[in-house]
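S.K.: okay, sequence plus prediction incoming.
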Amino acid sequence: MNAPEQQPQAAILPFTPSAPFTMGIELELQLVNRRNYNLATDAVDLWGLIEPRALQDQIKLEITQGMIELNSRVHTRVDELDDELKQLRKALVDGAQRLNIDVAGGGAHPFQRWNEQRISPDERFHYIHKKYGYLAKSFTVFGQHIHVGVPNGDDAMYLTHGFARFVPHFIALSAASPFYQGVDTEFDSSRSNVVRAFPLAGTMPVMLRWSEFERYYDNLRQIGVIGSIKDFYWDIRPKPEFGTVEIRVCDTPLTTSHAALLGCYAQLLARWLLTERPLVINDDFYLLYQYNRFEASRYGLEGDIALLDDSGMPMAKTPIAVDLLDRLQDLARYTQNNAEVEALRQLRKLAYEKVNDAGWLRTTFRQRGSHSDLMRLSSQLWMTDSVP
């Protein structure tokens, strides 16, 4: 008598394959009134005015009502991503004009008060507010998330760790939140500190196989620490339902074109990381992570990065801008079209000149002397790619 055929065990957390090195981005945006350029509370009304209606699937509410989220589709080319972001921006701006409000980028509003924010009408947002208290409203900060496609869970694990090595680059390039609660924080990215307050923030534990992560995930879920992958507020996290790895450390840039550049950098890094597997992921991998993250948040492209060599011995500190320039130079061999070559050229220029949006915001505030006027100019920059 033949033994009964055993059925394969169902995956605890199935990973949906996606096309390697595709990219998509999310942008959390500020809605500001035209009276004093404080945050507005019009997200729900704005979403209802989006035209054409099909774009409502790509524009979503965020945790408080002075925010709204813009989501791109999946792309293989940075120029096509840039074009779509401009189309989405137009739909958002057209709706905002009907409400007499403006839309702005930047990682934090310079003078809003967290206690004045209203939670958006969504079951999950109200659950977060109930669970995390004031942290939910203080989470009224604005980030760019970058998704890169991977074919399987094991590749997602390697890429999650691999991207972590370059978190200082992404923070420094995107830094756009020097002002918070009415003061200059002396950080280029004050938003980074707000995100770190959540208990499941930080980095993914050192695991190399998707099966390991599945067991870890299932253990936390069974004891009630998490309910879904969304409960991990890690700087880099896998997104198995999308088949992507998600970079979550960037401030929302002041322009859509800058956001597209960051997406292209992630795409090129992923090609290199998954093709060459240049990094050794071990128990010492994150020893200097917090220091490097702080340097990028505090000083932007003026900060330093500290690294260990392959034997675990410390190396001399390197300026973040120099480390970034070296990586951009090497990634040139992974470009596949003229749009990527041009994106690398623009990124190298930013790194060489040590320019980020935090510098523009500080310079503009010194010139204007008013946070309200700063937000007026910042919103015009995001909505039109130019300052009046």
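M.R.: Perfect, I can see it now.
S.K.: what about the strands in this protein?
M.R.: 23-33, 59-61, 67-71, 101-104, 143-149, 179-180, 183-184, 201-202, 233-234, 236-239, 244-251, 304-305, 318-319 (DSSP state E).
S.K.: residues contacting the last one, please?
M.R.: The contact list for strand 318-319, computed with C-beta atoms under 8 Å, 6 or more residues apart in numbering, reads 302-307. Yep, even glycine has a C-beta here, placed from its N, CA and C like the rest.
S.K.: got the residues you listed as CSV, with neighbour count columns?
M.R.: As requested, these are arranged in CSV below (neighbours: other C-beta atoms under 10 Å):
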residue, neighbour count
Glu302, 16
Gly303, 25
Asp304, 18
Ile305, 25
Ala306, 16
Leu307, 13
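S.K.: and which of those residues is nearest to Thr384?
M.R.: Glu302 (29.3 Å; C-beta to C-beta).
S.K.: roughly how far apart are the closest one and Ala175?
M.R.: 10 Å (C-beta to C-beta, to the nearest Å).
S.K.: dump the strands of the chain into a markdown table; add mean pLDDT as well.
M.R.: Shown next, in a markdown table, are those (pLDDT from 0 to 100):
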| stretch | mean pLDDT |
| --- | --- |
| strand 23-33 | 97 |
| strand 59-61 | 93 |
| strand 67-71 | 96 |
| strand 101-104 | 98 |
| strand 143-149 | 98 |
| strand 179-180 | 96 |
| strand 183-184 | 96 |
| strand 201-202 | 93 |
| strand 233-234 | 95 |
| strand 236-239 | 97 |
| strand 244-251 | 98 |
| strand 304-305 | 97 |
| strand 318-319 | 96 |
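S.K.: point out the most buried one among these.
M.R.: Among the strands of the chain, judged by mean count of other C-beta atoms under 10 Å, the one packed with the most neighbours on average is strand 244-251 (a mean of 27).
S.K.: what strands flank that strand, and is each parallel or antiparallel?
M.R.: The pairing partners recorded for strand 244-251 under DSSP bridges are strand 143-149 (antiparallel), strand 236-239 (antiparallel).
S.K.: residues in contact with the last one?
M.R.: This points to strand 236-239. With contact meaning C-beta under 8 Å, 6+ apart, strand 236-239 is reached by 15, 147, 153, 156-157, 160-161, 163-164, 167, 203-204, 213, 229, 244-249.
S.K.: what of the first one?
M.R.: Around strand 143-149, the neighbours that count as contacts under C-beta under 8 Å, 6+ apart are 18-28, 74, 107, 159, 170, 174, 191, 195, 239, 242-253, 259, 262-263, 266-267, 270.
S.K.: quick check: angle from that strand to strand 23-33?
M.R.: Between the direction of strand 143-149 and that of strand 23-33, the angle (axes from the mean of the first three to the mean of the last three C-alpha atoms, to 10 degrees) works out to 160 degrees.
S.K.: going forward, begin numbering at 37 instead of 1
M.R.: All right, first residue 37 from here; so that's strand 179-185.
S.K.: quick revisit: dump the strands paired with strand 280-287 to TSV, plus distance to Leu82.
M.R.: Below are these laid out as TSV (distance: least, C-beta to C-beta, whole Å):
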stretch	distance to Leu82
strand 179-185	19
strand 272-275	26
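S.K.: could I get the phi/psi values of the residue lying closest to Lys385 once chain neighbours are set aside?
M.R.: On the basis of C-beta to C-beta, 6 or more residues apart in numbering, the spatially nearest residue to Lys385 that is not a chain neighbour turns out to be Val391, at 7.7 Å. Dihedral pair for Val391: phi -110, psi 130, per degrees, to the nearest 10.
S.K.: how about the helices in the stretch 87-236 of the chain?
M.R.: In the stretch 87-236 of the chain, the segments counted as helices under DSSP state H, counting those that start in this stretch are 114-135, 159-168, 170-174, 189-200, 203-210, 227-231.
S.K.: buried deepest among those, which one?
M.R.: Per residue and on average, the most neighbours among these fall to helix 203-210, with a mean of 28 (mean count of other C-beta under 10 Å).
S.K.: now for that one, which elements pack on it?
M.R.: Contact analysis of helix 203-210 by 3 or more C-beta pairs under 8 Å, 6 or more residues apart in numbering; DSSP states H and E lists strand 280-287, helix 292-312, helix 325-335, helix 356-367, helix 374-389 as its packing neighbours.
S.K.: outside of that helix itself, list whatever touches it.
M.R.: Everything outside helix 203-210 that qualifies as a contact, by C-beta under 8 Å, 6+ apart, is 143, 180, 182, 224-225, 228, 271-272, 283, 285-289, 294, 297-298, 301-302, 325, 328-329, 331-333, 335-337, 339, 341, 356-357, 359-360, 363, 383, 386-387, 392-393.
S.K.: check stretch 186-200 too.
M.R.: The contact list for stretch 186-200, computed with C-beta under 8 Å, 6+ apart, reads 51, 53-56, 184, 239-240, 242-250, 271-274, 276, 279-281, 283, 302, 305-306, 309-310, 313, 315, 317, 321-322, 325.
S.K.: now the residues you listed: which count as buried?
M.R.: 51, 54, 56, 184, 239-240, 243, 246, 249-250, 271-274, 276, 279-281, 283, 302, 305-306, 309-310, 317, 321-322, 325 (16 or more other C-beta atoms under 10 Å).
S.K.: for the closest residue to Ala375 other than its chain neighbours, give its distance to Ile61.
M.R.: Counting by C-beta to C-beta, 6+ apart, the nearest residue to Ala375 once its immediate chain neighbours are dropped is Asp115, at 3.8 Å. Here the distance between Asp115 and Ile61 works out to 14 Å (C-beta to C-beta).
S.K.: next one: Tyr253
M.R.: Plainly put, Tyr253 is 25 Å away from Ile61 if you go by C-beta to C-beta.
S.K.: do Glu120 as well
M.R.: Counting by C-beta to C-beta, the separation of Glu120 from Ile61 is 10 Å.
S.K.: what do you get for Ile164?
M.R.: Separation of Ile164 from Ile61 (C-beta to C-beta): 22 Å.
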